[in-house]
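Trainee: Only the shape, not the letters, is given here:
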Ligand code: UD1
């Protein structure tokens, strides 16, 4: 029997690329048994299934099928169903020694809560990040998850500072680097073989990539319409490719913006893409415009200018050392920053320490050692 039984939880798209390298690294420890749980927060083929294939991840052992809904409904379903899984294991004499959660989505927080209530220790990968903006659902998820976790695996120094300030004892904190960048470095050669640039009529270095899905940018027509206006304009100077998140697609339709967007000849809309096609696009882009958390980090690792459509960031290293600039939801700032990039006046960044493709083995070691302690 394994010395350490882990339940590793994933739920939404940004979780998969963080968990995949960790599962791989844990294979080096035969004393560790891993049960992979998918909450089902994301369930579409192109937001979920494609990642398991491309990242070479094992299929989930348990599927909670929580699905969409309000934040309360989504979290409640994960809480109820994951608690049942944990309790069943206890009843069968196979109690989990630890639950491992990644990132900051609703599934992360709900799974941590279910575990903590049953006094099962929680490890949080990507702990300590703070935007200090509680209007963001992810900020609430981060605070709750870190409060409940007793092993905090941190991707950048700001996370260590935040967690110390919140009173976590030093022995719980581990600066391990960025596990998502492990996946990026591993799969970059494969991504470069993608044919997506040709399919979209793009040449390396000759286009920009857009992603937008945050409520603050897409849920009100008054915010979304001017942003899309600037991007449509910019696409006359630089072709833009826009894989559209389902939430954003719904809003574009609802606000009657589809026709105008369709008229911007230089702006190609695509459905959400798999990991490899997306990395092929981002890694060869001249610029990225995004409100995603993960893409701020990926563009820094790729040394591609990133105009971040957020008023703040929980990942300050991407601005201080990396290639990101915060432009808020302000169309004028966005326009100015795009011009800076196109005129060659934009800053150069550097890749932060420990974003070296070896974060997952460091985390696996912490997990395995914590069992022995
Ligand atoms: C979630 C995460 C966000 C992350 C994003 C990446 C939270 C609070 N937010 O936001 O941090 O950056 O994932 O994509 O957890 N939908 C589908 N198919 C799916 C899943 C969702 O069509 O497989 C649609 C549904 O209409 C749903 C909407 O997308 O209402 C939003 O999905 P949800 O999981 O609630 O949040 P995201 O906006 O995807």
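Mentor: On my side now, so go ahead. A quick note: this is a predicted structure, and the numbers were derived from the prediction, not measured.

Trainee: in the stretch 101-250 of the chain, which spans are strands?
Mentor: 122-127, 151-154, 173-175, 208-211, 240-243 (DSSP state E, counting those that start in this stretch).

Trainee: Pick the most deeply packed of those strands.
Mentor: Most buried of the strands of the stretch 101-250 of the chain, by mean neighbour count (mean count of other Cβ atoms under 10 Å): strand 122-127, with a mean of 28. From N, CA and C alone the C-beta is placed, and that goes for glycine too.

Trainee: pLDDT at the residue sitting nearest the centre point of the chain, what is it?
Mentor: Taking Cα atoms, centre = their mean, the centroid of the chain lies closest to residue 14, which sits 3.3 Å from it. On pLDDT, residue 14 comes in at 95.

Trainee: so what's it up against?
Mentor: By Cβ atoms under 8 Å, 6 or more residues apart in numbering, residue 14 lies in contact with 103, 105, 180, 292-294.

Trainee: near the ligand, which residues of the stretch 151-300 of the chain?
Mentor: For the stretch 151-300 of the chain, the contact set with the ligand under Cβ under 6 Å from any ligand atom comprises 213, 245-247, 292.

Trainee: So which residues make contact with stretch 207-216?
Mentor: Around stretch 207-216, the neighbours that count as contacts under Cβ under 8 Å, 6+ apart are 135-137, 200, 218, 223-224, 227, 231, 234, 238-243, 245, 247-248, 281-282, 285-292, 295, 309-311, 329, 338.

Trainee: So for it, mean pLDDT?
Mentor: Regarding stretch 207-216, the rounded mean pLDDT is 96.

Trainee: Over to stretch 289-305?
Mentor: Stretch 289-305 carries an average pLDDT of 97.

Trainee: touching the ligand at all, the helix or strand hosting residue 21?
Mentor: For residue 21, the host element (DSSP states H and E) is helix 13-26. Yes - contact of helix 13-26 with the ligand (Cβ under 6 Å from any ligand atom) involves 13-14.

Trainee: Can you give the distance from that helix to the centre of its chain?
Mentor: Taking Cα atoms, centre = their mean, to the nearest Å, one finds the center of helix 13-26 at 11 Å from the center of the full chain.

Trainee: helix or strand right after that helix?
Mentor: Later in the chain than helix 13-26, the nearest helix or strand by DSSP H and E is strand 32-38.

Trainee: Which neighbouring elements make contact with the helix or strand just after that following strand?
Mentor: As assigned by DSSP H and E, the chain's next helix or strand after strand 32-38 is helix 50-54. When contacts are defined as 3 or more Cβ pairs under 8 Å, 6 or more residues apart in numbering; DSSP states H and E, helix 50-54 sits against helix 13-26, helix 275-283.

Trainee: Which residues does helix 50-54 contact?
Mentor: Contacts to helix 50-54, defined as Cβ under 8 Å, 6+ apart, come from residues 13, 16-17, 20, 57-59, 187, 274-276.
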